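Student: Requesting a structural model of the entry that follows:
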Amino acid sequence: MDFVMKQALGGATKDMGKMLGGEEEKDPDAQAKEEERQEALRQQEDERKAKHSRMEAEREKVRQTIRDKYGLKKKEEKEAEEKAAMEQACEGSLTRQKKAIPAGCGDEDEDDDESILDTVLKFLPGPLQDMFKK
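Tutor: Numbering: from 1, shown residues only. Purely as a prediction, here's the structure:
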């Protein structure tokens, strides 16, 4: 059938034969061209990565300047410090960590109790105040 198509086309160019389903001619330098193309793509990708790494390094310098100016810490540093504090607090303990007691609750000095008692006595009538002062 190929022979029939070629005869039907008569003076058609080789490209017409390819378009109608004929066989393509093999380019002897095709493999070399493909390797050059792949190398160019790799080089472009390497340049792109280098550019982005430079940009990220510049951004990190700006971030570090801001951290230093305002006394901030990196997220990783905060997490590492918290983890170290938890490990140190839990060292040797078999139970969960105790909750902190807020100021003003629980263990108060005797001076504070007396001042509260004095405050309450001020609101009592005179004879009751005398009874409690004795």
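Student: Show me what the host helix or strand of residue 60 packs onto, helices and strands only.
Tutor: Residue 60 is located in helix 30-70, with elements delineated by DSSP states H and E. Helix 30-70 is packed against no helix or strand, with contacts defined by 3 or more C-beta pairs under 8 Å, 6 or more residues apart in numbering; DSSP states H and E. The C-beta positions use only the backbone N, C-alpha and C, and glycine is treated the same way.
Student: Need the mean per-residue confidence for it.
Tutor: Taken as a whole, helix 30-70 has a mean pLDDT of 95.
Student: what's the angle between the following helix or strand past that helix and helix 30-70?
Tutor: Per DSSP H and E, helix 30-70 leads on to helix 75-90 as the next helix or strand towards the C-terminus. Angle, helix 75-90 to helix 30-70, by axes from the mean of the first three to the mean of the last three C-alpha atoms, to 10 degrees: 60 degrees.
Student: Could you work out the end-to-end span of stretch 61-81 for me?
Tutor: 22 Å (C-alpha to C-alpha, to the nearest Å).
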